[in-house]
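[1] Provided below are the primary sequence and the corresponding predicted coordinates.
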Amino acid sequence: SKQLSKSGNKLNLNAGVQTNYARQQGYRNSRLYTAYNSSITPNIRLTYKWNEYLTLSPSYNLRFSSSNYENYTIDQQSNTVHNFSLRTKFIFDL
């Protein structure tokens, strides 16, 4: 995380990584199977505050996930998911 400030304006940069691992079991057609799931998700968020009136906060993350199976109809599966979001806040006084 890094923050810069100048005359009432603030700019924050946050970055991070999330990881996940899971082992799951289930039944399909009365047969026990096991799934091993793992993922890694790097992310970044930029927040700009203009005085107390406007806040813009775009973020992006990219998730890489893979699954390996035992006694299932497929052996493995992998995918990549891109996620972009934009949060805004606008305050005005009358």
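    Arrived safely.

[2] how about the nearest residue to Asn12, chain neighbours excluded?
    Thr47 (4.3 Å; CB to CB, 6 or more residues apart in numbering). Every residue, glycine included, has its C-beta placed from N, CA and C.

[3] for Val17, same thing?
    Pro42 (5.0 Å).

[4] Check Tyr27 too.
    Tyr33 is the one closest to Tyr27 (CB to CB, 6+ apart), at 7.4 Å.

[5] Return the list of helices and strands in contact with the lowest-mean-pLDDT helix or strand in the chain.
    Lowest by mean pLDDT, DSSP states H and E among the helices and strands of the chain is strand 2-6, with a mean of 81. Packing contacts for strand 2-6, counted by 3 or more CB pairs under 8 Å, 6 or more residues apart in numbering; DSSP states H and E, involve strand 9-28.

[6] Just the CA coordinates for the following helix or strand past the strand it packs on, please, in PDB.
    Following strand 9-28 in sequence order, the next helix or strand is strand 31-50 (DSSP states H and E). Provided in PDB are the C-alpha atoms of strand 31-50 (Å, rounded to 0.1, in the frame of the first residue of the first chain):
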ATOM      1  CA  ARG A  31     -19.100 -43.500  -6.700                       C
ATOM      2  CA  LEU A  32     -16.800 -41.400  -4.400                       C
ATOM      3  CA  TYR A  33     -14.700 -38.800  -6.100                       C
ATOM      4  CA  THR A  34     -12.100 -36.300  -4.800                       C
ATOM      5  CA  ALA A  35     -11.400 -32.800  -6.200                       C
ATOM      6  CA  TYR A  36      -8.300 -30.800  -5.400                       C
ATOM      7  CA  ASN A  37      -8.800 -27.100  -6.100                       C
ATOM      8  CA  SER A  38      -6.200 -24.300  -6.000                       C
ATOM      9  CA  SER A  39      -6.200 -20.700  -7.100                       C
ATOM     10  CA  ILE A  40      -4.100 -17.600  -7.000                       C
ATOM     11  CA  THR A  41      -5.500 -14.100  -7.400                       C
ATOM     12  CA  PRO A  42      -3.300 -11.000  -7.700                       C
ATOM     13  CA  ASN A  43      -5.200  -7.700  -7.300                       C
ATOM     14  CA  ILE A  44      -4.600  -4.000  -7.500                       C
ATOM     15  CA  ARG A  45      -6.800  -1.000  -6.500                       C
ATOM     16  CA  LEU A  46      -6.200   2.700  -7.100                       C
ATOM     17  CA  THR A  47      -8.200   5.300  -5.000                       C
ATOM     18  CA  TYR A  48      -8.200   9.000  -5.800                       C
ATOM     19  CA  LYS A  49      -9.900  11.400  -3.400                       C
ATOM     20  CA  TRP A  50     -10.500  15.000  -4.600                       C
END
